[in-house]
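>>> Just need the structure, nothing else, for what follows:
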Amino acid sequence: MNDHMEMMRRSVEELRLTFKSGKTRGVDWRKTQLRGILRLIHENEDTLFNLLQSELGKHPVESYRDEIGVVKKSADHALSCIDKWISPKKGRLPLAFFPASGRVLSEPLGLVLIIGSWNFPISLILDPLIGAISAGNTVVLKPSELSPQCASFLANMLPTYLDPKAVMVIEGGPEVCNQLLQYKWDKIFFTGSTKVGKIVMAAAAKNLTPVTLELGGKSPAIFDSLPYSDLKVAAKRVASGKWGACAGQACIGIDYMLVEHKFASTLIEQLKKTIKRFYGDDVKTLKNHSRIINKAHFDRLRSLLEDPAVAKCIVYGGSFDDTSLIIEPTILLNPPLDAEIMNEEIFGPLLPIITMDNIEESIEFINSKPKPLALYAFTKNETFKKQILAETSSGSVTFNDTMIQFLCDDLPFGGVGQSGIGRYHGKYSFDTFSHEKAVLERSFYFELEPRHPPWNNTKLEFLRSVYDYDYVGVLLILLGFKRPSKSSDKKD
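Below is the predicted model of the structure:
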């Protein structure tokens with residue numbers, strides 16, 4: 001074990017030396033690495049399909065939608081934008097600084113640690129890597145040990161497509177992760193649970209290392225009354241987003257739904273029809289439905305339903321297959337609010353539906369809980385939409401759909417409060433792994449003497465004019481005249 005830790009330490013130091021050499025700062029190097037990622041997923045698409053099917057039971061269509069396609073889209077987007085991203089940005093300066101110029105330079109942070117999650121073991125590693133590489137950093141990747149086949153694939157294949165002296169994969173379990181967290185990093189990017197996120201943040205604090213934490217929580221969906229034609233579309237989007245994305249094992253998946261009493265039965269019946277059409281109605285022969293990642297998570301989910309007070313609330317599903325680790329799509333109506341299923345992130349194919357007298361009450365219900373990573377609302381009421389935006393706080397809000405906000409490069413993805421810190425995707429990924437350095441340059445020509453001691457009332461008036469952006473007053477003082485008094489100068 002000691003030899004392994006020493007080897008890991010030397011590897012990390014090698015990446016730090018690579019960064020110090022300056023090779024990762026060049027735009028050609030960055031583009032070469034991004035093209036390498038594109039070749040990796042293109043040339044190994046079938047292998048990735050097989051790995052994701054083996055470990056998580058994902059259908060190739062689901063794997064392309066949520067993993068391979070995500071990486072391709074992100075890398076293509078970065079390649080097309082990187083020249084613009086790295087260009088200095090002009091900064092406006094006060095006229096009083098004339099002659100001077102200001103600009104903002106985006107520079108890489110240095111050596112970055114990216115810790116991925118098991119539920120999307122390819123995209124949740126490679127997507128943030130794209131941002132880190134685009135910004136010019138060296139990177140250590142720590143894939144989840146709960147998806148070991150995908151982790152081994154990344155460890156074995158990435159060195160043949162990317163610069164092995166700048167990007168490295170380190171496999172292992174919690175002990176390896178704990179050891180990595182002891183090193184000094186210039187940035188840590190973590191995707192996972194809130195519980196582990198607290199550990200990561202505590203370790204980072206020892207060196208004042210900045211962190212991005214992509215966590216989770218209980219993401220709600222508000223379901224307003226809808227006409228039948230819209231209800232059918234909405235039910236498809238709920239069923240696909242809740243059960244068709246890693247069997248509900250997704251940080252932005254719907255955790256529970258809020259609906260008025262009078263509309264609940266209509267919604268449930270439409271969801272039942274949609275579930276049967278999408279996945280079937282026999283746990284032994286479910287199709288297009290992923291498995292639970294391992295026995296421990298399977299048992300955790302089963303225990304949520306074994307609570308007698310919760311079990312009697314099941315209105316659809318509830319069956320398990322211990323051999324295949326499959327849990328069928330399950331709907332519960334009004335489980336006790338103090339039950340574990342309503343207070344811990346479910347992260348599985350169980351969907352509680354909570355009813356209320358008036359849909360506007362959903363806002364108070366959501367605000368009584370920690371801020372969610374995502375908030376979904378199915379409604380055509382524009383006033384209610386504005387109320388949701390004004391009176392709730394969440395990482396994102398999506399109206400009349402689920403999950404798709406994750407795929408938008410021009411929208412930031414991230415949490416707030418307990419659901420996360422920081423954001424990424426597209427330019428936001430580049431910014432996350434960059435430092436924006438302010439650069440101000442002045443000439444020796446034209447010195448403003450009123451900025452220097454010895455002080456007098458004229459210099460005070462000069463500074464008032466500068467901070468008031470009163471350039472007429474500045475000019476008058478410089479010419480030897482008194483600045484005209486303004487109403488804001490007068491005391492009450």
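
>>> Nearest residue to the most centrally placed residue in the chain in space, ignoring adjacent ones along the chain?
Closest residue to the average C-alpha location of the chain: G414 at 3.5 Å, with C-alpha atoms, centre = their mean. What sits nearest to G414 in space, not counting adjacent residues and going by C-beta to C-beta, 6 or more residues apart in numbering, is R423, at 3.3 Å. Backbone N, C-alpha and C define where each C-beta goes, glycine included.

>>> pretty sure that neighbour is touching P412, no?
Yes - counting by C-beta atoms under 8 Å, P412 is a contact partner of R423 at 3.9 Å.

>>> hang on, the earlier thing: need the contact list for the residue nearest to the centre of the chain.
212, 214, 395, 420-424, 428 (C-beta atoms under 8 Å, 6 or more residues apart in numbering).

>>> now the residue nearest to G414: how far from S144?
To S144, R423 is 22 Å away according to C-beta to C-beta, to the nearest Å.

>>> ok, now A374?
In terms of C-beta to C-beta, A374 sits 21 Å off from S144.

>>> Please apply the same query to I359.
Distance, I359 to S144, using C-beta to C-beta: 38 Å.

>>> neighbour-wise, which of these two wins?
Shown here are I359 and S144; by other C-beta atoms under 10 Å, S144 has more neighbours (23 against 19).

>>> distance of that one from E55?
S144 sits 10 Å away from E55, taking C-beta to C-beta as the criterion.

>>> Overlap of the contact sets of these two?
Counting by C-beta under 8 Å, 6+ apart, the shared contacts of S144 and E55 are P121.

>>> where in this structure is pLDDT low?
Low-confidence segments of the chain (pLDDT under 70): 1, 483, 485-492.

>>> List the contacts of F399.
376-379, 385.

>>> If you count neighbours, what's buried in stretch 319-329?
By 16 or more other C-beta atoms under 10 Å, the buried positions in stretch 319-329 come out as 319-321, 325-329.

>>> what's the spacing between it and its chain's center?
Relative to the chain's own centre, stretch 319-329 is displaced by 29 Å; criterion: C-alpha atoms, centre = their mean, to the nearest Å.

>>> repeat for stretch 365-382
Distance of stretch 365-382 from the chain centroid (C-alpha atoms, centre = their mean) equals 18 Å.

>>> in it, what counts as buried?
So for stretch 365-382, counting by 16+ other C-beta under 10 Å, buried means 366, 370-379.

>>> helix, strand or coil for A221?
Classification of A221 by DSSP: H, G, I helix; E, B strand; the rest coil places it in strand.

>>> so how many other residues sit close to it?
Residues near A221, counting by other C-beta under 10 Å: 26.

>>> That one reaches Y256, doesn't it?
Yes - between A221 and Y256 there is a contact under C-beta under 8 Å: 7.5 Å.

>>> quick one, helices of the stretch 151-300 of the chain?
Assigned by DSSP state H, counting those that start in this stretch, the helices in the stretch 151-300 of the chain fall at 174-180, 194-205, 228-243, 261-279, 295-306.

>>> hey, which of the ones you listed is tucked in deepest?
Between the helices of the stretch 151-300 of the chain, helix 228-243 has the highest mean count of neighbours, a mean of 19, where neighbours are mean count of other C-beta atoms under 10 Å.

>>> and it with helix 261-279, angle?
60 degrees (axes from the mean of the first three to the mean of the last three C-alpha atoms, to 10 degrees).

>>> Touching helix 228-243 from outside, list them.
Contacts for helix 228-243 (C-beta under 8 Å, 6+ apart): 221, 223, 226, 248, 253-254, 257, 266-267, 270-271, 273-275, 278-279, 289, 329, 349, 351, 378, 380, 400-403.

>>> What of stretch 427-439?
So stretch 427-439 is contacted by 74, 78, 81-82, 85, 88, 91, 102-109, 112, 127-128, 130-132, 134-137, 187, 189, 212, 409-410, 412-414, 422-424 (C-beta under 8 Å, 6+ apart).

>>> distance between it and the chain's centre?
Offset of stretch 427-439 from its chain centre (C-alpha atoms, centre = their mean): 16 Å.

>>> Alpha carbons of it, in PDB - could you do that?
Output of stretch 427-439 as PDB, limited to C-alpha atoms (Å, rounded to 0.1, in the frame of the first residue of the first chain):
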ATOM      1  CA  LYS A 427     -18.200  28.500 -21.300                       C
ATOM      2  CA  TYR A 428     -19.200  28.000 -17.700                       C
ATOM      3  CA  SER A 429     -16.900  24.900 -17.600                       C
ATOM      4  CA  PHE A 430     -14.100  27.000 -19.000                       C
ATOM      5  CA  ASP A 431     -14.700  29.700 -16.400                       C
ATOM      6  CA  THR A 432     -14.900  27.100 -13.600                       C
ATOM      7  CA  PHE A 433     -11.300  25.900 -14.300                       C
ATOM      8  CA  SER A 434      -9.900  29.400 -15.100                       C
ATOM      9  CA  HIS A 435      -8.800  32.500 -13.100                       C
ATOM     10  CA  GLU A 436      -9.800  35.800 -14.600                       C
ATOM     11  CA  LYS A 437      -6.800  38.000 -14.100                       C
ATOM     12  CA  ALA A 438      -7.400  41.800 -14.200                       C
ATOM     13  CA  VAL A 439      -4.700  43.700 -16.000                       C
END
